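**Student:** Here's my sequence, what's the structure:
(chains A and B)
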Amino acid sequence: MITHQNPSPRKPERVVLLGARGFIGVAIRRQLDAQRVPVLALTSADLNLAETSATDKLAAALKTTDAVVMLAALTRDKDIATLMKNLTMMQSTCAAIEKAGCGHMVYYSSDAVYDSAVSRVSEDTPASPQDPYGAMHHTREIMARSLAKVPLLVLRPTLVYGLDDTHNSYGPNRFRRAAQKDGKITLFGDGEETRDHIHVDDVAALTLRCLLHRSTGTLNAATGTSHSFHEVAEAVSKQFSKTVEIVKTPRANPITHRHYDVANTIKAFPDIRFIPLEEGVARVHREMLEKT
Amino acid sequence: MSDVLVGFAGMTHLGVNSAAAALARGFRVVGYDPDREVIEALRRGDPPAVEPGLPDVLRRHASRANYTADIADLSRCDLVYIASDVPTDGSGTSDLAGIRRLIEGVSGALARGAVVVVLCQVPPGFTRALALPGERLFYQVETLVFGEAVERAMHPERIILGCANPSATLPAALGEFLSAFACPILPMRYESAELAKIAINCCLVSSISVANTLAELCERLGAAWSEIAPALKLDRRIGQHAYLAPGLGIAGGNLERDLATVCKLADAHGTDAGVVRAWIANSRHRRDWALQTLHGAVLSKLEDPVIAVLGLAYKQNTHSTKNSASLALLAHLAPFRVRIFDPVVPATAIPNPRCHAASSELDACEGADALAIMTPWPQFGTLDPVQVARKLRGKLVLDPYAVLKAVACRAAGLEYRTLGVECSNPG
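**Tutor:** Modelled structure (predicted):
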């Protein structure tokens, strides 16, 4: 459950986006601009959080009234070196905030903090990361929580999809690219496994709501509706005028499912609505065609 | 009529219903409460709790009842039941300060040799720690059921009695009083009786949790819990009276208190309470059924929707709203217009500036986009779905406790949803 420090929405004086060039950062920036919220968008080119000088540079840029959204992280590489670099980046961020202060912090974590074997997840599900990436986000959450004076929201997004996603992980993004390139989508097994896929614009909209309400606590960013990968593949293939083959392969791993209980999101924002998967997939497809 | 004079300290829901049962069994009763308004109301025949049949029993036996706000009046009693409310905090933890103060006050007022019986829900170890001689101190398990309190107080299945010495003969006054209920009396050590009360509630919660868990699965699989539950009740190992109706989580406060007590005791003694914590989690999960259903069908789809809510009490035939699923829902409907009706609880219980206190069930439905029947008051079952459909602007009816007939609702053009059955495959 999250708590709104602003019961009625109020624009923050400024939002500092760390990791503004990333897939989610760009979407948040777009929505903040639409709401005319002043933004200081920092990318790794502006400020390399892994460098020792980053703390002072960031502290000098921060105002005590800023809302800081920390999205900066190296990719999902599961090696220990990446883990340590990511922790260094968070160390710089926390030290800067400790030094300069800020009015609100949103830490962008991940659902990788949960054990992948847990099929039904809510914010009450204990964090139990199974790999360095999950451990990194869990540790960074703890680092953020150690900033005693900063109202903190931890957002844990599940599988995010959208046109500009660079991760190409198994799901809508990869399926779309594969369908476009090869005319076929390859599934693990029959694609029976279910997952919750959230459109990047929904993630950004949820972030915006939390910034306006200066929300604190921990919240999963998920739609509450899970689909099998086969359903996702069907939704993607329908967008193409050409026939897209859905290829099933022998299953190498046991089937796992993931469902989200989004009651806390509904309680926090009772009128919230998410883009249904079919609609979201269609939207991404349209954007792809427009771009090409 | 018996010569035994029975006192009840605390004219609470428990106290007044227990006093009514004592009156009905032919005893003279002293009902003490420090609240003069409660006493004045009782003298007028107006009990402080809503229970079917209660005013009638009190009226019929009024000549043998003496209600008083003076604790010294208990000095004439042969035995005194301690029947105060034991409040709980948000986590279900009991605040025992009030009951300790009451017992201290009653002890000071009692005649030599008079017996004290603790009737409230107390944690194991509470009774033995009291500074009263064991031969005059007992703990009796109450099995109050809101909405059936008089009936259950009058006709208990058995009396579970915590004693300092379970093999000793009961004091005469207590023995005579308990015998009047014509049911087995089970003396046991204090701690066993205190834990027996908790054990009963754990069994009830486990049944409720089974029903809720499998009813939710029914909603996804095309099965109907309403078809399954009767089959279970015919199983001798489960029984006709098993709590197998799915609901919106545990409410009322008493069951939650016992679950919290078990968790706390297990933590303190290093025993496993994982299953109890799972019951608590399941209860919280199911409480959100109405909100999640409303969100999916209305709140996320319509601009400025109007929601009609029937029922505020945590269950039918009571004024209690402790942990009420209706109030939990309404807390999250604050941004929306709501129209509320409850036969007993006033709508002023809801701190929603956009709340309309309806004068009737149909008035609540007027122009609403959805109707949620959150308390299974019997009178809601007499609503005509055709009239409901005429009054509503939308078609959605959430009826978790199935007080309306699904078939009639669908025939009236309503989109009817209840617990334990798939909405797209109602059968």
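**Student:** Let me see the contact set for the residue of the stretch 51-200 of chain A found nearest chain B.
**Tutor:** Ranked by Cβ to the nearest Cβ, the top residue of the stretch 51-200 of chain A for proximity to chain B is residue A:124, at 7.1 Å. For the C-beta atoms, the positions are set from N, CA and C on the backbone; glycine is no exception. By Cβ atoms under 8 Å, 6 or more residues apart in numbering or on different chains, residue A:124 lies in contact with residue B:281.
**Student:** which bits of chain B sit near chain A?
**Tutor:** Counting by Cβ under 8 Å from any Cβ of the partner chain, the residues of chain B lying close to chain A are B:281, B:285, B:288, B:291-292, B:295, B:299-301, B:332-336.
**Student:** Can I get the residues you listed in a markdown table including secondary structure, neighbour count and distance to residue B:232?
**Tutor:** Rendered in a markdown table, the data for the residues of chain B next to chain A read as follows (DSSP: H, G, I helix; E, B strand; the rest coil; neighbours: other Cβ atoms under 10 Å in any protein chain shown; distance: Cβ to Cβ, whole Å):
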| residue | secondary structure | neighbour count | distance to residue B:232 |
| --- | --- | --- | --- |
| B:281 | helix | 13 | 23 |
| B:285 | helix | 19 | 22 |
| B:288 | coil | 22 | 25 |
| B:291 | helix | 24 | 28 |
| B:292 | helix | 17 | 26 |
| B:295 | helix | 24 | 31 |
| B:299 | helix | 25 | 35 |
| B:300 | coil | 16 | 36 |
| B:301 | coil | 13 | 37 |
| B:332 | coil | 20 | 33 |
| B:333 | coil | 23 | 34 |
| B:334 | coil | 15 | 39 |
| B:335 | coil | 13 | 41 |
| B:336 | coil | 21 | 38 |
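**Student:** Find the pair from the residues you listed with maximum spatial separation.
**Tutor:** B:281 and B:301 (29.1 Å; Cβ to Cβ).
**Student:** Tell me how many other residues surround residue 61.
**Tutor:** Reading this off chain A. Around residue A:61 sit 15 other residues, with neighbours defined as other Cβ atoms under 10 Å in any protein chain shown.
**Student:** I was after chain B.
**Tutor:** Summarising burial for residue B:61: neighbours were counted as other Cβ under 10 Å, giving 19.
**Student:** how close does it get to residue B:25?
**Tutor:** If you measure residue B:61 against residue B:25 using Cβ to Cβ, to the nearest Å, the figure is 10 Å.
**Student:** Just the mean pLDDT for the helix or strand that contains residue B:29, thanks.
**Tutor:** Secondary structure assigned from DSSP states H and E places residue B:29 in strand B:28-32. Per-residue pLDDT over strand B:28-32 has a mean of 97.
**Student:** For the following helix or strand past that strand, enumerate the helices and strands it packs against.
**Tutor:** Per DSSP H and E, strand B:28-32 leads on to helix B:36-43 as the next helix or strand towards the C-terminus. In terms of contacts (3 or more Cβ pairs under 8 Å, 6 or more residues apart in numbering or on different chains; DSSP states H and E), helix B:36-43 is packed against strand B:65-68.
**Student:** Listing partners with orientation, what would you give for the strand it packs on?
**Tutor:** Under the criterion DSSP bridges, strand B:65-68 sits next to strand B:28-32 (parallel) in its sheet.
**Student:** quick one, the partner strand and helix B:36-43 angle?
**Tutor:** Here strand B:28-32 runs at an angle of 150 degrees relative to helix B:36-43 (axes from the mean of the first three to the mean of the last three Cα atoms, to 10 degrees).
**Student:** Show residues contacting strand B:28-32.
**Tutor:** Under the contact criterion Cβ under 8 Å, 6+ apart, strand B:28-32 has outside partners B:1-2, B:4-11, B:15-16, B:19, B:22-23, B:39, B:42, B:64-71, B:73-74, B:76-77.
**Student:** The nearest residue to residue B:377 once chain neighbours are set aside is in what secondary structure piece?
**Tutor:** The spatial neighbour of residue B:377 that comes closest, neighbours along the chain excluded (Cβ to Cβ, 6 or more residues apart in numbering or on different chains), is residue B:316 at 4.8 Å. Here residue B:316 sits in a region with no helix or strand, counting by DSSP H and E.
**Student:** what does the model give residue B:316 for pLDDT?
**Tutor:** Looking at residue B:316, its pLDDT stands at 87.
**Student:** contacting residues for it?
**Tutor:** Going by Cβ under 8 Å, 6+ apart, the list of residues near residue B:316 reads B:147, B:375-378.
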